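S.K.: Sharing a sequence plus its predicted fold:
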Amino acid sequence: MVYAKFASVLLFCIPVICFSQKHDNIWIIGYGGGAQSPPNDEFGNMILDFSTIDTPIITEAQQYDMNFNLLNTIICDSTGSLLFYSNGETVYNQQHKIMANGSNLVSNGTGLGYHTIQGGLILPQSWNKNLYYLFIVEDHPSAAYGWKLFQNTVDISLNSGLGRVIEKRTLIVDDSLTFGLLTAVKHANGRDWWFYIRKLNTNIWYRGLLSPSGIQVDTISEGSAFKYGGGQVTFSPDGRFYIVADDESSSKPAAIHIYDFDRCTGTFSNQRTHYVDSNPNFGVGVAVSPDSRYLYVFHTTVGYQYDLKATNIFESEVLIGQYDGFISGLYGSYFLFAQTAPDGRIYVGSWAGTFHWHTIQFPNRQSIDCDFEQHSIEFPVYLLEGLPNSPNFRLGPIDGSLCDTLGLDNHPLANFRWEQEDSTELLRITFTDLSAYEPETWHWTFGDGSESQDTSPVHTYAQPDVYEVCLVVSNQNSADTICRTVNVGVSSTNDDQAAPFEVVAYPNPFSDRLILQLKGLDYLRGEVDLFDVAGQLVSTTMWHGRQLDWYLGHLTPGIYFFRVMTDRGVLKTGKIIKL
């Protein structure tokens, strides 16, 4: 699905500060690739590319010699191209190789990645497009808590654009800390960053301010102390709330702490606490809808929604999902950590050793209309619990506030995704607004003469066709337009065998990596099997998206046959040659 951009590209700069939507465009998940991935291909890594917006392109990354444990942080440039990422021990560049001076970030690494949730975070220098700060929480050598926070600086302009770590292991906090749970939010001036990590088992936070003056760290306190036991923290996308999900022990309910947050002063206030129980009771995650209205909490077997605009937030509790008993890989597909993605969905991970994620398709909707789908995404390799730790990069200044001192304004950037929400209503299209930087009005033209001023409209066309849909968003500062081609009348669940499409395999012959690419179809979800000339199954993988990048370097040279299947049977077959 191709989209064109008019009136602006997906960033703007005033005069040296660039606001972008795409720093979190790439996610990398899984265990380890390269030498760490055994020939059975059950372990490895996957790359999720959100550049198509409507659904992520999932590519296997078995060939790259990289390892993740739970710590996972990634950064892209303003156009969405991968720059570098880290597992807490090592920095990898865009070629998935160790960046220059990018090893030994911690003193007690194992070579397999760091075992801390939200223990690493990458923040860009808004005033220097080449410099990035990588923060790492180092674990105590003999206990399950953090004890040092280090800063590392990457200059991405060095080493022919592959980057170099120019400052490493600069100590900025030396104290007993939580086991990860590091997060950040944009300052109200639209340029600087606040970042936070809590002092262990207290009501005290170390507060960092990243600005052109450098990094300044002090402490703040708020509310009551609580004992750390693992969980997840997040800011609401608009920066008005700071939420802590803490699972003190497997014998107690999980605690949810909500604080009001002041982006000008960087302070918390008005602690509210709620307890969520489940059986079994292990692991709790939180995420907030892109419009900052709804809080989602996932605790092993239950998922809840809370209205952050309610007078009493916790009295607005709605059960949106209860674990259905599905077994994925080695374990049940229980609910764990959550993350809001660039496509406007919230993805919910599961335990290590599983193959599935859960999805909230429409998190801006109230109650069960948010459409929480269990085990909705199946991956070809085992997963870990960790999801990429990223702040909201699509947050600008608070226009007109006391901290609005830099002359930066929120200039809206238009963006949306579309889908056939109901497979029985092929002409009914759901449009989800993904615009950023404080739009106040929305104007849609659907390509058939119809218009709408709704934020995220649902439109029914009169007949199947290809339409150009445009969205104009505006506020008092400016307007922005995006136009996309929408194919109406083709269902993702109707008979794919009747669809005029091809599967192209290349290179053929191939050496290590085989690419399977769709022609004439935007998306495929299914299984690909590979057989030798004797008809023996030698490898299997899952296909989600337009293209599959399949590492088959462990196979012996010879002739093989692939088979592409969905839940309606065999779609395509073909012959390939391994050199």
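M.R.: Good, I have the coordinates. Numbering: from 1, shown residues only.

S.K.: all strands in the stretch 51-200 of the chain, in order from the N-terminus.
M.R.: 57-60, 73-76, 82-86, 91-93, 120-124, 131-139, 146-155, 164-177, 183-186, 193-198 (DSSP state E, counting those that start in this stretch).

S.K.: Which of those strands sits closest to V288?
M.R.: V288 lies closest to strand 183-186 among the strands of the stretch 51-200 of the chain, at 11.7 Å (C-beta to C-beta). C-beta here means a position set from N, CA and C on the backbone, and glycine is covered the same way.

S.K.: if we can go back for a sec, do you know which of the strands of the stretch 51-200 of the chain lies nearest L516?
M.R.: strand 57-60 (10.9 Å).

S.K.: For the closest one, buried residues please.
M.R.: By neighbour count on 16 or more other C-beta atoms under 10 Å, the buried set for strand 57-60 is 57-60.

S.K.: if I look at the residue most central in space within the chain, how far off is F314?
M.R.: Nearest to the mean C-alpha position of the chain, counting by C-alpha atoms, centre = their mean, stands A341 at 4.2 Å. For A341, the distance to F314 (C-beta to C-beta, to the nearest Å) stands at 26 Å.

S.K.: Now do the contacts for the nearest residue to N477 once chain neighbours are set aside.
M.R.: Distances taken as C-beta to C-beta, 6 or more residues apart in numbering place D409 nearest to N477, at 4.6 Å, with adjacent residues excluded. Shown in contact with D409 (C-beta atoms under 8 Å, 6 or more residues apart in numbering): 14, 396-397, 399, 477.

S.K.: Reformat the strands of the stretch 51-200 of the chain as a markdown table; add mean pLDDT and distance to G229.
M.R.: Putting the strands of the stretch 51-200 of the chain into a markdown table (pLDDT from 0 to 100; distance: least, C-beta to C-beta, whole Å) gives the following:
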| stretch | mean pLDDT | distance to G229 |
| --- | --- | --- |
| strand 57-60 | 80 | 33 |
| strand 73-76 | 96 | 22 |
| strand 82-86 | 97 | 25 |
| strand 91-93 | 96 | 30 |
| strand 120-124 | 97 | 20 |
| strand 131-139 | 97 | 15 |
| strand 146-155 | 97 | 14 |
| strand 164-177 | 97 | 14 |
| strand 183-186 | 98 | 18 |
| strand 193-198 | 97 | 12 |
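
S.K.: so what's I243 bridging to?
M.R.: The partner list for I243 in beta bridges (DSSP bridges) reads T234, I258.

S.K.: what residues are up against it?
M.R.: Residues in contact with I243, defined by C-beta under 8 Å, 6+ apart, are 233-236, 256-259, 286, 288, 295.

S.K.: Any chance of the strands of the stretch 51-200 of the chain in JSON lines with distance to R563 as columns?
M.R.: Output for those, formatted as JSON lines (distance: least, C-beta to C-beta, whole Å):
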{"stretch": "strand 57-60", "distance to R563": "17"}
{"stretch": "strand 73-76", "distance to R563": "33"}
{"stretch": "strand 82-86", "distance to R563": "32"}
{"stretch": "strand 91-93", "distance to R563": "34"}
{"stretch": "strand 120-124", "distance to R563": "40"}
{"stretch": "strand 131-139", "distance to R563": "43"}
{"stretch": "strand 146-155", "distance to R563": "44"}
{"stretch": "strand 164-177", "distance to R563": "45"}
{"stretch": "strand 183-186", "distance to R563": "45"}
{"stretch": "strand 193-198", "distance to R563": "49"}
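
S.K.: if we can go back for a sec, quick one: which of the contacts of I243 is nearest F362?
M.R.: Of all the contacts of I243, the one with the least separation from F362 (C-beta to C-beta) is V288, at 14.1 Å.

S.K.: For burial, what's the neighbour tally of that closest one?
M.R.: V288 has 25 neighbours, counted by other C-beta atoms under 10 Å.

S.K.: Report how many residues lie close to the residue nearest to I320 when sequence neighbours are not counted.
M.R.: Closest residue in space to I320, ignoring its immediate chain neighbours: F372 at 4.6 Å, by C-beta to C-beta, 6+ apart. Number of residues near F372 (other C-beta under 10 Å) recorded here: 23.

S.K.: Could you report the separation of F372 from K168?
M.R.: Between F372 and K168 the computed distance is 42 Å (C-beta to C-beta).

S.K.: Then N159?
M.R.: Distance of N159 to K168, given as C-beta to C-beta: 15 Å.

S.K.: who has more neighbours, these two?
M.R.: Between N159 and K168, counted using other C-beta under 10 Å, the more crowded position is K168 (18 against 13).

S.K.: ok, the contacts of D409 vs D448, which is closest?
M.R.: The closest of these to D448 turns out to be N477 (C-beta to C-beta; 31.0 Å).
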